[in-house]
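Peer 1: One predicted model, sequence on top.
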Amino acid sequence: MSLVILENIKKDYITGEISTPALKGISLSIEPGKFISFIGPSGSGKTTLLNLLGGLDRPTSGKVTVAGTEISALDRRASAKFRGENIGFIFQNFNLIPVLSVYENVEFPLLMVQELPPAERRLRVTEMLEKVGMSDQAHKYPGQISGGQKQRVAVARALAARPKLVLADEPTANLDHATAYKVIGLMHAMKKELDTTFIFATHDQKVVGEAEQIYTIEDGLLSAGVK
Ligand SMILES: Nc1ncnc2c1ncn2[C@@H]1O[C@H](COP(=O)(O)OP(=O)(O)OP(=O)(O)O)[C@@H](O)[C@H]1O
Ligand SMILES: [Mg+2]
């Protein structure tokens, strides 16, 4: 079964009198357990597409189905619940919560949605911090760690609830070359170990080089894949 199905997705942003057509009819099926990248020029619609895939926004028309659920038809509450249980997010700016420690940031999504016993929750957090090599920094706050370390924490957070799908928008844009490679390697290892599907939006050739499948978006439409 396809993990993600997009059926003729269109998205217009309306600001005042002006309508911007950001996506103009995208149809696509994505199989589970892959490393997939959307590439394309700035303003072509990559972030818009990721937001629709994650249920953070709704298409103007068309259907988005993730793991058998039509998320484009869910109300806000149901959409948040579905997201919490099925989708992890990694952002360019890390988006860690500054007042929470590294440990608490990874624990946060588990508190939000899952009815996990506390002991199991602690085990999950500890295990994820270990996997990303951040166990010894667990007590620190985001302001006290480096960019690469922040992104490793974000990877741990995105995967803590064991989602089927992780969406990553320019996850390496704020990292130096060597650190970016480390974070990509980490995501690759997680993908293999946990059988998570990763979907990236990126300009970064390092990410693109690792992708098993690449889709190019130009001016709100898919053009032929290059891989
Ligand atoms: N909230 C918004 N309101 C109005 N227009 C928007 C909004 N977000 C994006 N757009 C417009 O939609 C189009 C697609 O933007 P999007 O952010 O998806 O591009 P992108 O491919 O992610 O670009 P980049 O590579 O620069 O991140 C652009 O024309 C953009 O100006
Ligand atoms: Mg973008």
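Peer 2: Done, it's in. Ligands and ions are numbered 1, 2, ... in the order given.
Peer 1: Not counting its neighbours along the chain, what's nearest Gln92?
Peer 2: Glu170 (4.0 Å; CB to CB, 6 or more residues apart in numbering). The C-beta positions use only the backbone N, C-alpha and C, and glycine is treated the same way.
Peer 1: and that neighbour, what is it in contact with?
Peer 2: Contact partners of Glu170, counting by CB atoms under 8 Å, 6 or more residues apart in numbering, are Phe91, Gln92, Ala201, Thr202, His203, Asp204.
Peer 1: now do Ile97
Peer 2: Per CB under 8 Å, 6+ apart, neighbours of Ile97: Glu104, Asn105, Phe108, Pro142.
Peer 1: give me the element the residue of the chain found nearest ligand 2 is part of.
Peer 2: Across the chain, no residue is closer to ligand 2 than Thr47, which sits at 3.1 Å (CB to the ion). For Thr47, the host element (DSSP states H and E) is helix 46-53.
Peer 1: longest helix of this protein?
Peer 2: helix 177-194 (DSSP state H).
Peer 1: helices or strands next to it in the packing?
Peer 2: Helix 177-194 sits against strand 35-39, helix 118-131, helix 147-160, strand 197-201, helix 205-210, with contacts defined as 3 or more CB pairs under 8 Å, 6 or more residues apart in numbering; DSSP states H and E.
Peer 1: re the thing from before, in contact with the residue of the chain closest to ligand 2, which residues?
Peer 2: By CB under 8 Å, 6+ apart, the neighbours of Thr47 are Asp169, Ala201.
Peer 1: For stretch 36-55, what is the distance to the chain centroid?
Peer 2: With CA atoms, centre = their mean, to the nearest Å as the basis, stretch 36-55 stands 11 Å off its chain's centre.
Peer 1: go on, stretch 98-110?
Peer 2: 17 Å.
Peer 1: number of nearby residues for Ala168?
Peer 2: Neighbour count for Ala168, taken as other CB atoms under 10 Å: 26.
Peer 1: where does it land on pLDDT?
Peer 2: Ala168 is assigned 96 on the pLDDT scale.
Peer 1: heads up, I number from 4, so please use that
Peer 2: Okay, using 4 as the starting number, the last item reads as Ala171.
Peer 1: List the strands paired with whichever strand or helix holds it, with their directions.
Peer 2: Secondary structure assignment for Ala171, by DSSP H and E: strand 168-172. With DSSP bridges as the test, strand 168-172 is paired with strand 90-93 (parallel), strand 200-204 (parallel).
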